[in-house]
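Q: no letters, just coordinates:
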């Protein structure tokens, strides 16, 4: 009972007043899952006939979920999670340096420039410009 009083007092101190209803509904749903889990556990024990087996399966599932959560948590803070940002920066650098260091009509400048790759309009079958010989 004391835990429930402390939990409600903490919730009222932290949650903005306009969100009280949503938080209360979430708590009711969470607390209503307890008897459903008890019934599911009792049914699993009755079907399998082994309390130890049911606890082993529950422990294995808990470990699997913990591993998956840890993996997702580690991924969220890795550079891979922000790959789109790095790709956009690389594309910006590539577009900004296109043709830099090469004379303006050289093949290297044409290859680095946008729209001059194979399959671009105005290119031949070997990726050369239509006017290049």
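A: Cool, the structure landed. Since the model is a prediction, treat every value here as computed from it, not as a measurement. Numbering: from 1, shown residues only.

Q: spell out which helix or strand contains the residue nearest to residue 20 when sequence neighbours are not counted, please.
A: For residue 20, the nearest residue in space outside its immediate sequence neighbours is residue 12; the separation is 7.6 Å by Cβ to Cβ, 6 or more residues apart in numbering. Any C-beta I mention is one placed from the backbone N, CA and C, and that applies to glycine too. Counting by DSSP states H and E, the secondary-structure element that holds residue 12 is helix 2-14.

Q: give me the low-pLDDT residue ranges for the protein?
A: Under the criterion pLDDT under 70, the flagged ranges of the chain are 1-3, 98-133.

Q: break it into its domains for me.
A: In the assignment given by automatic domain parsing, the structural domains of the chain cover 1-49, 50-98.

Q: hmm, back to that, show me what the helix holding residue 12 is packed against.
A: Of the remaining helices and strands, those touching helix 2-14 by 3 or more Cβ pairs under 8 Å, 6 or more residues apart in numbering; DSSP states H and E are helix 20-48.

Q: just checking, what packs against the helix it packs on?
A: helix 2-14, helix 51-76.

Q: number of residues surrounding the nearest residue to residue 58 once chain neighbours are set aside?
A: Setting aside the residues directly before and after it, residue 58 is nearest to residue 41 in space (Cβ to Cβ, 6+ apart), at 7.8 Å. Here the neighbour count serves as a burial measure; for residue 41 (other Cβ atoms under 10 Å) it reads 14.

Q: thanks again, I'm all set now.
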